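1. What follows is a predicted protein model with its sequence.
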Amino acid sequence: MPFNIPNLLTWFRILMIPVFIAVFYVSGDTLSAHNKHLIGTLLFVAAAITDWLDGYLARYLNQTSAFGAFLDPVADKLMVTAALIVLVKLGLVDDIIAFIIIGREIAISALREWMAQLGSSKSIAVSMLGKVKTTFQMLAIVLLLYHEPVLTISTEMLGTLLIYIAAILTLWSMVYYLMLALPQITKKTQEGN
């Protein structure tokens, strides 16, 4: 495992996950609900920033590595999963929405792994649809974690709308990736018979 700045940022993001979760389990006497939401939001935003920063630095410093390419998306998925589970626990996200988003991430990760074994990983590379889905998802999570009005705008209502849009885009992107992989799946199935 190469120790470089991008990989250290990714490890930092992973280490932030238990801290992020712990914030919401601290007693109300220690941290008010407002402070829990504020600190949780700031930690999630910091994780999102380090996600962008580690990728940028890996390219800029020419410190890309196979290990970093593996660990970075794992860190992202773990943080998003932790945030969704916290939001479900707080009653701010429906469990079915969290299941759709987390389930899609597991399914597409498995599909990418299988396609890589077949030598066809480029056929299901990240698409613009996946990036749009991620943008809606991250904005929704930030708004729902903050959970307090901003300039009379209900972050809960806007966050809920965006998480539903993210769930629809999640299903759409999953179907899109499956359709891209279908020729290889069909070919492999026919070879197996």
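-> Looks like it came in fine. Residues are numbered from 1 along each chain as shown.
2. how close does the spatially closest residue to Gln137 that is not a sequence neighbour sit to Ile100?
-> Nearest residue to Gln137, sequence neighbours excluded (Cβ to Cβ, 6 or more residues apart in numbering): Ala166, at 4.0 Å. Where C-beta positions appear, they are placed from N, C-alpha and C, glycine not excepted. Going from Ala166 to Ile100 by Cβ to Cβ, to the nearest Å gives 9 Å.
3. neighbour-wise, which of those two wins?
-> Ala166 (24 against 19; other Cβ atoms under 10 Å).
4. isn't that one right next to Ala98, touching?
-> No - taking contacts as Cβ atoms under 8 Å, Ala166 lies outside contact range of Ala98: 10.9 Å.
5. Show me what counts as buried in the longest helix anywhere in the chain.
-> Counting by DSSP state H, the longest helix found in the chain is helix 155-192. Of all the residues in helix 155-192, those buried under the rule 16 or more other Cβ atoms under 10 Å are 155, 158-160, 162-163, 165-167, 169-170, 173-174, 176-177, 180-181, 184.
6. Tell me which residues touch the residue lying closest to Glu156 once chain neighbours are set aside, please.
-> Spatial nearest neighbour of Glu156, excluding adjacent residues (Cβ to Cβ, 6+ apart): His147 at 5.7 Å. Going by Cβ atoms under 8 Å, 6 or more residues apart in numbering, His147 touches His37, Leu90, Leu92, Thr155, Glu156, Gly159.
7. Need those in TSV (columns: distance to Thr50 and pLDDT).
-> Below are the contacts of His147 laid out as TSV (distance: Cβ to Cβ, whole Å; pLDDT from 0 to 100):
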residue	distance to Thr50	pLDDT
His37	21	94
Leu90	24	94
Leu92	24	96
Thr155	23	93
Glu156	26	94
Gly159	22	96
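8. Quick one: those as a markdown table, columns for distance to Ala69 too.
-> Output for these, formatted as a markdown table (distance: Cβ to Cβ, whole Å):
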| residue | distance to Ala69 |
| --- | --- |
| His37 | 33 |
| Leu90 | 33 |
| Leu92 | 33 |
| Thr155 | 34 |
| Glu156 | 36 |
| Gly159 | 31 |
